[in-house]
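Trainee: what's the 3D shape of this:
(4 chains)
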Amino acid sequence: MILDEKTCTVAEAVAKIRSGDRIMVGGFGNSGYPEELVDAVTESALKDLTIISNDLGSPGIGLGRFLINGQVKALIGNYYNWNPDVAAAKNAGAIAVTLVPQGTFAEGIRAAGVGIPAFYAAAGVGTDLAAGKKTAQFDGREYVLERAIHADVALVRAYKADRRGNLVYYKTARNFNPLMAMAARLTIAEVDEIVPVGELDPECIVTPHLFVDNVVLKVKP
Amino acid sequence: MILDEKTCTVAEAVAKIRSGDRIMVGGFGNSGYPEELVDAVTESALKDLTIISNDLGSPGIGLGRFLINGQVKALIGNYYNWNPDVAAAKNAGAIAVTLVPQGTFAEGIRAAGVGIPAFYAAAGVGTDLAAGKKTAQFDGREYVLERAIHADVALVRAYKADRRGNLVYYKTARNFNPLMAMAARLTIAEVDEIVPVGELDPECIVTPHLFVDNVVLKVKP
Amino acid sequence: MTDLVPNEQVKTRIARRIAHEFMSQRRRMFINLGVGTPTLVANYIRDEIIFLQAENGMLGVGSRATGDQVDPLLINAGREPVTETPGCCYFDSATSFGMIRGGHIDATVIGAFEVDETGNIANWIIPNGRQLGVGGAMDLVAGARQVVVAMPHTSSNGKPKLVRTCSLPVTGYHEADLVVTELGVFRFRDQRMVLTEIAPEIDVAGLKTVTEADFEVDPGLRPMPV
Amino acid sequence: MTDLVPNEQVKTRIARRIAHEFMSQRRRMFINLGVGTPTLVANYIRDEIIFLQAENGMLGVGSRATGDQVDPLLINAGREPVTETPGCCYFDSATSFGMIRGGHIDATVIGAFEVDETGNIANWIIPNGRQLGVGGAMDLVAGARQVVVAMPHTSSNGKPKLVRTCSLPVTGYHEADLVVTELGVFRFRDQRMVLTEIAPEIDVAGLKTVTEADFEVDPGLRPMPV
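Mentor: Here you go, the predicted model:
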């Protein structure tokens, strides 16, 4: 029998990330993101990162540190109003920013996870954010063709994992985390607690273990 | 304050269905389908129905009774090998049958629920089931454009509902039920138990109540 | 803003009127409230069959959390701590926007920079500004069954926000169904803007002087409850 | 079928060989087993890091349920009652096929009517027959990382099932990676079929007489374990 061990340290997990990677990070505002994994990335020499996330935290706080550290090459997300550093960096030509309507962003990440390369959505038809995208009519309404959003690495925040990597979440800290867990080549989950296999209710597991490569235990309060 | 009452009898629920309706029915084989709702439809005068389901049960059993009763105009699904009546009726020109690969079928139902009119999938490229469908290349691979699958009515089987209509399921009886609950104008859930609001764990609710119009309690053993 | 309505009353008047709009329908409703004035609408809803959805993954959002109630992992889409209500549930962002995009949300209440006379809405960006975000605005205006705009009648420097044609980048075309300002209630019918209620502080002639958009006056024009 | 291998041994030999294929990889694997002979593969897997997925919504499918274990609402995709394993979980069919379509399933084991020499698979329909169903076959051959075909070497009336070109409607083009029959193991390399193992009952010349497809013989051809 071969032992199946997904748990590792934050350092071991982050050592798997490469400069230039596309990294998805779960969370909404400064809530529900994988804090210790993000800390470790900000303390690393990783650079030229494409960060795929709802927002970029606040100036110098949470995901905002990636930008202050100069680790960002590009951002893909939908709401950077909470962190004016982003507009400043973009206007200065320091980073590329791709805005996607939040629902299309969420669905695009799911699409990557479930092998859908592209789908149609009504959000943004005719607006600046649909510029250059194909459109088509279905049942008399116009829709925009949107692409799946893939990543090399997903850093997700969950509440509990079993040792095999099944995940459950906590309240609105669920947000994009389960979607990102499906959409990356390497998925690392940061959790508050690791429980024995069989302890999580099979009906309530949100992310089945086949989507999860590594689990790290959050230790800071 | 207005009272919110979704619970009703099977007869009251089925009275909302019209001849000619497109009806989704959850379940897989003869397992996990809404038995009393299906019983009531088979005992009704409803006809010219389009039944959207994984399969059609067995000859004269479960959903198979719709066909024996002559209530079926068309079928949309993916696996009728368990009920040879279907091939016989189709070969005799009595009904129309549209086969969709099972994964595309599931995704098409979800797509209807979440407002995606069409999406691309790799299943079936170049085969008879993709005949007449548009294709496109993404990242060097060919995909088929698949449409959302909508319905007038969804008859779903769940395990427990709260009085507001939040639903949880039981083991593999989950199958297509949560997807169909999202995809129809009218969703009727048949459940084994109705519990007070607040009793279901908010983290474990699979179908939020906004997708559910009526709840009927299964009473037969 | 105009001087007609005291500053501190503008938001509450708008929010109360919108809450009334929903409650008067006397039916089960699922509503998404945007950041700012829209969030205040929750304070005036007294109805157990109106359910609030937050696009970050919650149905059954309760009141704003205070003191010991605050849980940093339980927030609304404006990053404010909120509470649970009985029967609430959580889900991921794809499911959340599935509710919105799939037509399961009865109404969204949003703020706007501009609304034009055909119902176009501009509320996501002021180009070359310090802000860069769309959030769920485009998904919400395209997906919600009813789009309600809650905004002061004029901007802070007195410019009309109900305009002929949006000058800012548009969030959605012909998506506005109802606009509530402190001075009136406007409904869109076949892409025409119709005044249906007017505040006591002003008359139609006066309202036209602070409104750039052409609007019709409903034959049954009524006083706006304040 | 040929008379070379006793009927009752054909299926078990194939299933055991496929189970060995997975176990020999000595890594975590997620596998979907089709109806019939593929299901038997589960009986020979002795490895706690090989997990079975059923497309009707379960990961961690256990052995077939018998007696008191039978729960009519806990079945596999072949409608057979099954058991749970520790750490198993349930999900809807869209998530299930998301796993398959999204490339998260390492291998699928399926039966087939025909496999041709370029790896095309026909396993979903015999036109004008009494059957009308595709199930998850097309999703599985397109989505699983490795497609393993488990089938007797010849049909019940002795016709080769490894053919030049599929005569029946195709399920997926160039999707077969491995074919295991009771007489040999064939691997597809750049759309060419290569014999890598041969059963003790036959030699290559003999195998060619019961195989319509052209195949190459691997220089390291080995005896098939039986």
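
Trainee: ok, what's across the strand from residue A:188?
Mentor: residue A:155, residue A:214 (DSSP bridges).

Trainee: Ignore what I typed, I meant residue A:50.
Mentor: Residues in beta-bridge contact with residue A:50 (DSSP bridges): residue A:22, residue A:74.

Trainee: Now do the lengthiest helix in chain A: which elements does it pack against?
Mentor: Scanning chain A for the helix with the most residues, using DSSP state H, yields helix A:102-113. Helices and strands touching helix A:102-113, by 3 or more CB pairs under 8 Å, 6 or more residues apart in numbering or on different chains; DSSP states H and E, are strand A:118-121, strand A:141-147, helix A:177-183, helix C:93-101, helix C:137-143. The way it works is simple: take the backbone N, C-alpha and C, and place the C-beta from them, glycine included.

Trainee: Any figure for the gap between the closest residue to residue C:188 other than its chain neighbours and residue C:146?
Mentor: Of all residues beyond its chain neighbours, the one nearest residue C:188 is residue C:119 (4.4 Å), with distances taken as CB to CB, 6 or more residues apart in numbering or on different chains. As judged by CB to CB, to the nearest Å, residue C:119 and residue C:146 stand 12 Å apart.

Trainee: now what about stretch A:33-45, what contacts it?
Mentor: A:10-11, A:13-14, A:17, A:19, A:23, A:25-27, A:49, A:53, A:57, A:62-63, A:65-66, A:69, A:71, A:155-157, A:188-190, A:216, A:218-220 (CB atoms under 8 Å, 6 or more residues apart in numbering or on different chains).

Trainee: can you list the residues of chain C near chain B?
Mentor: Within chain C, the positions near chain B by CB under 8 Å from any CB of the partner chain are C:26-28, C:30, C:47-49, C:51, C:53, C:59-60, C:84, C:86-91, C:94-95, C:97-105, C:143.

Trainee: Could you rerun that using 7 Å?
Mentor: Within chain C, the positions lying close to chain B (CB under 7 Å from any CB of the partner chain) are C:26, C:28, C:30, C:47-49, C:51, C:59, C:84, C:86-91, C:98-99, C:101-104, C:143.

Trainee: biggest helix in chain C, by residue count?
Mentor: helix C:7-23.

Trainee: Tell me the first helix or strand C-terminal of the worst-scoring helix or strand of chain C on mean pLDDT.
Mentor: Sorted by mean pLDDT, DSSP states H and E, the helices and strands of chain C end with helix C:37-40, the least confident at a mean of 92. Counting by DSSP states H and E, the next helix or strand C-terminal to helix C:37-40 is strand C:50-54.

Trainee: What pairs with the helix or strand following that following strand, parallel or antiparallel?
Mentor: Following strand C:50-54 in sequence order, the next helix or strand is strand C:58-64 (DSSP H and E). Using DSSP bridges, the strands paired with strand C:58-64 are strand C:50-54 (antiparallel), strand C:82-90 (antiparallel).

Trainee: related to what we said a few turns ago, now the least confident helix or strand of chain C, how far from the centre of its chain.
Mentor: Put simply, helix C:37-40 sits 7 Å off its chain's centre (CA atoms, centre = their mean, to the nearest Å).

Trainee: That helix near chain A at all?
Mentor: No. Helix C:37-40 stays clear of chain A (CB under 7 Å from any CB), getting no nearer than 14.7 Å.

Trainee: helices and strands around that helix, which ones?
Mentor: If you count contacts as 3 or more CB pairs under 7 Å, 6 or more residues apart in numbering or on different chains; DSSP states H and E, helix C:37-40 packs onto helix C:7-23.

Trainee: which residues does the closest residue to residue C:117 other than its chain neighbours contact?
Mentor: Closest residue to residue C:117 apart from its sequence neighbours, by CB to CB, 6+ apart: residue C:213 at 3.9 Å. Neighbour list for residue C:213: C:116-117, C:162-164, C:193 [criterion: CB atoms under 7 Å, 6 or more residues apart in numbering or on different chains].
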